[in-house]
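Q: Generate a structure from the sequence data that follows.
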Amino acid sequence: MAVFMLQLADGRDKVIEADVAGRTLAGEIVLERADLHGNWTTLETYRAADVVAVYRRALAHAGTYTWIPQPTTGTWWCY
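A: The predicted structure follows:
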């Protein structure tokens, strides 16, 4: 389980727990969760135009937790 923050185009920040976040070829941001049997469920999907940036809460090199920015182009998955 990971914590993600989305900066939305309308100025709001959205924090959500998910097993994975990803960026599709179309630029959509998809957040998913798996159940105990490994069945994946899409929690939320955001259009590319609705999301300014995506961050994952993670341990930084200095040993403290911080928001790590995810790429704004291309496809990616972050666990």
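Q: who's in contact with Leu36?
A: Leu36 sits next to no residue when contact means Cβ atoms under 8 Å, 6 or more residues apart in numbering. (Glycine included, C-beta is placed from N, CA and C.)
Q: What separation do you get for it and Asp19?
A: 12 Å (Cβ to Cβ, to the nearest Å).
Q: quick check, Gly63 in a strand?
A: No. Secondary structure of Gly63 (DSSP: H, G, I helix; E, B strand; the rest coil): coil, not part of a strand.
Q: which ones are touching it?
A: Per Cβ under 8 Å, 6+ apart, neighbours of Gly63: none.
Q: Would you confirm that Leu43 contacts Ala34?
A: No. In this structure Leu43 lies outside contact range of Ala34 using Cβ atoms under 8 Å: 10.8 Å.
Q: Determine the number of other residues adjacent to the nearest residue to Tyr46 once chain neighbours are set aside.
A: Leaving out its chain neighbours, the residue that sits closest to Tyr46 by Cβ to Cβ, 6 or more residues apart in numbering is Ile29, at 4.5 Å. Neighbour count for Ile29, taken as other Cβ atoms under 10 Å: 20.
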